[in-house]
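1. model this:
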Amino acid sequence: MNFTSFFVNSGFAHLAWGNALMIVVGLVFIFLAITKDYEPLLLVPIGFGVLIGNIPPIAGMPLGVYDVGSVMSYLYLGVSKGIYPPLIFLGIGAMTDFSTMLSNPKLILLGAAAQVGVFLTFMGALVLGFTPQQAGAIGIIGGADGPTAIFLSSMIAPELLGPIAIAAYSYMALVPVIQPPIMYLLTTDKERRIHMKAPRNVSKKEKIIFPIISFLICGLLAPGSMSLLGMLFFGNLLKEATVTDRLANSARNSMIDVVTILLGVTVGASTQAQTFLTPQSIFIFVLGALSFVVATTGGLLFAKLMNLFLKEKINPLIGAAGVSAVPDSARVVQAVGQKVDPTNFLLMHAMAPNVAGVIGSAIAAGVLWSALGNF
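-> Below is the predicted model of the structure:
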């Protein structure tokens, strides 16, 4: 084999400008994760997956996620068949404490209000010419929940799975950048200084009953959410029952770590320039950003509306945590609140709409699947 033959069969000979651009994007993801600490557990696997996905394919060699029979295509089945998201939800449930939400149930409304971004974006995507199924999958980006976005798009719009997954996780990682300006714009200094009283203690019995009753209600209300919420509430029951600590520890540690690695790398590898760089992808990223902004705005404005009727005022900043980027949006609320008043601790209060947002986005996905799915 001479050098010319070797070069022709190498990736260098087939490297297109699109592949080079996506490789730069992958490097930027890794840079932001390491230097800015933007969701490193997500962006590092996704960023490296982008590098993997944009090594140019060689004819006759099944290598990428779209090549039948390749190792990457088998790993990608967890994404394309909607297997990884419920496993992620199982781990999230096993590490989530619903106590704050149970102690102040009215904060659930903030998680519901944030879902306005999902349905407004759905309508916007329809106006732009996307099919109802595609519009529904794009709209769920507004929930700021990567696993839910992947699950729904794999069910009703698999052709858009790659850009939707990347958009959802990108905006999840950029929560500390996107949300604070909206929070400052829509709240006053006086509102940001509101202190909220400590949550009441929630009994063990309440914590055990909650995931069982909640699953039955949500499952009957939106059967399409059963896979996600069933695993979320099952994981939470493992945690709160205390007699299944070993299972809960496995779900919230080793299992969720393994699934996060596989999901991140394979989602990143699906961004092969030849299939990813399309006008549709650009529209999806723009709509996803608008959806996230609208969801954050909806939560903030609804919190201000609630204060018109409440004797004990709530800090409207916690409304921004209604998007289901757990726990980053709650941390952003804490950070913004403490910039104004270092003695104000909002994290636990913000976790209530935050976990309610997780439930709300899964229900929204279930409703969209039921209404738009091709059965």
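2. low-confidence ranges in this protein?
-> 1-14, 374-375 (pLDDT under 70).
3. Would you point out which residue is most central in it?
-> residue 145 (1.8 Å; C-alpha atoms, centre = their mean).
4. That one and residue 313: what is the separation?
-> To residue 313, residue 145 is 29 Å away according to C-beta to C-beta, to the nearest Å. To be clear about C-beta, it is placed using only N, CA and C from the backbone, and glycine gets the same treatment.
5. Show the subsequent helix or strand relative to the longest helix seen in the chain.
-> Ordering each helix of the chain by length in residues (DSSP state H) puts helix 279-307 first. Per DSSP states H and E, helix 279-307 leads on to helix 328-340 as the next helix or strand towards the C-terminus.
6. Next, the buried residues of that next one.
-> Going by neighbour count (16 or more other C-beta atoms under 10 Å), the buried part of helix 328-340 is 328-337.
7. In which helix or strand does residue 367 reside?
-> Using DSSP H and E, residue 367 sits in helix 347-372.
8. do residue 124 as well
-> Judged by DSSP H and E, residue 124 forms part of helix 116-127.
9. Quick check: next helix or strand after that helix?
-> According to DSSP H and E, the helix or strand after helix 116-127 is helix 132-139.
10. That following helix versus helix 347-372: what angle between them?
-> 170 degrees (axes from the mean of the first three to the mean of the last three C-alpha atoms, to 10 degrees).
11. Packing partners of helix 132-139?
-> helix 116-127, helix 146-156, helix 279-307, helix 347-372 (3 or more C-beta pairs under 8 Å, 6 or more residues apart in numbering; DSSP states H and E).
12. Pick the most buried one from those.
-> helix 146-156 (a mean of 28; mean count of other C-beta atoms under 10 Å).
13. which residues touch that one?
-> 42, 79-82, 84-86, 88-89, 133-134, 136-137, 140-141, 143, 160-161, 164-165, 167-169, 172, 227-228, 263, 267, 324, 361-362, 365, 368-369, 372-374 (C-beta atoms under 8 Å, 6 or more residues apart in numbering).
14. Same question for stretch 356-367.
-> So stretch 356-367 is contacted by 89, 92, 96, 101, 107-108, 110-112, 114-115, 118-119, 140, 143-145, 148, 151-152, 214, 218, 221-226, 228-229, 232, 299, 321-324, 326, 329 (C-beta under 8 Å, 6+ apart).
15. Pull out the buried positions in the helix or strand where residue 256 lies.
-> Residue 256 belongs to helix 256-269 when assigned by DSSP H and E. For helix 256-269, burial by neighbour count (16+ other C-beta under 10 Å) applies to 256, 259-260, 262-269.
16. I'd like to know which elements it is packed against.
-> Against helix 256-269 (3+ C-beta pairs under 8 Å, 6+ apart) you get helix 40-53, helix 71-80, helix 84-95, helix 146-156, helix 161-173.
17. Include distance to residue 190 when you put these into JSON lines, please.
-> Putting those into JSON lines (distance: least, C-beta to C-beta, whole Å) gives the following:
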{"stretch": "helix 40-53", "distance to residue 190": "36"}
{"stretch": "helix 71-80", "distance to residue 190": "46"}
{"stretch": "helix 84-95", "distance to residue 190": "35"}
{"stretch": "helix 146-156", "distance to residue 190": "35"}
{"stretch": "helix 161-173", "distance to residue 190": "30"}
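18. Pick the most buried one from these.
-> helix 146-156 (a mean of 28).
19. Tell me what angle that helix forms with helix 347-372.
-> Using the same axes, to 10 degrees: helix 146-156 against helix 347-372 is 0 degrees.
20. any idea of the angle helix 146-156 forms with helix 84-95?
-> Using the same axes, to 10 degrees: helix 146-156 against helix 84-95 is 150 degrees.
21. Helix 146-156: how far from the chain's middle?
-> Offset of helix 146-156 from its chain centre (C-alpha atoms, centre = their mean, to the nearest Å): 10 Å.
22. so what's residue 114 up against?
-> Applying C-beta under 8 Å, 6+ apart, the residues near residue 114 are 143, 295-296, 298-299, 302, 319, 322-324, 353, 357, 360.
23. Brilliant, that's me finished.
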